[in-house]
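1. Sequence unavailable; structure follows:
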């Protein structure tokens with residue numbers, strides 16, 4: 001049942017307000033910006049000059065972690081705009097970096113809650129923030145580590 005205190009729906013004759021796809025000034029809505037292609041990137045490829053110092057090799061690839069890293073990276077508009085593409089990280093972390101997990105408790109549904117650490121930074125410290133790791137990865141991808149401004153550099 002329609003609410004008698006509401007006006008007609010926007011598409012109904014006599015409806016007030018701008019038509020869909022326009023703003024109050026009757027100008028078309030601005031476009032959401034450019035769309036960028038997606039490129040598969042294997043950070044463990046030797047073409048990326050890594051500063052990682054871990055000697056152990058990552059035995060297994062955590063596909064879910066790489067997917068989350070991709071999502072975080074792609075939400076950094078400056079990274080995507082500068083590179084000209086969104087990333088889909090595959091394969092592994094940069095050479096010399098390893099992902100370690102620590103069980104930090106249980107969720108209310110009984111599943112295990114994990115804390116992720118990425119080790120291998122020359123400072124000896126670990127990345128605990130996905131945002132900081134993406135900033136460092138961006139500089140690895142651009143071969144621009146001297147200008148990296150992540151918290152560990």
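-> Looks like it arrived, so ask away. Quantities reported herein were computed from a predicted structural model and do not represent experimental measurements.

2. CA only for contacts and neighbour counts going forward, please
-> OK.

3. tell me, what residue is most central in the protein?
-> Central residue of the chain (C-alpha atoms, centre = their mean): residue 72, 1.4 Å from the mean position.

4. Please report the confidence value the model assigns to that residue.
-> In the prediction, the pLDDT value recorded for residue 72 is 96.

5. List the buried residues of stretch 95-102.
-> Neighbour-count burial for stretch 95-102, counted by 16 or more other C-alpha atoms under 10 Å, picks out 95, 96, 97, 98, 99.

6. Kindly apply the preceding question to stretch 82-90 instead.
-> Applying a neighbour-count criterion of 16+ other C-alpha under 10 Å, one finds 85, 86, 87, 88, 89, 90 buried in stretch 82-90.

7. Repeat that for stretch 105-125.
-> Of the residues in stretch 105-125, those buried under the neighbour-count criterion (16+ other C-alpha under 10 Å) are 116, 117, 118, 119, 120, 121.

8. Now the terminal residues of that stretch, how far apart.
-> Looking at stretch 105-125, the gap from its leading to its trailing residue is 23 Å under the measure C-alpha to C-alpha, to the nearest Å.
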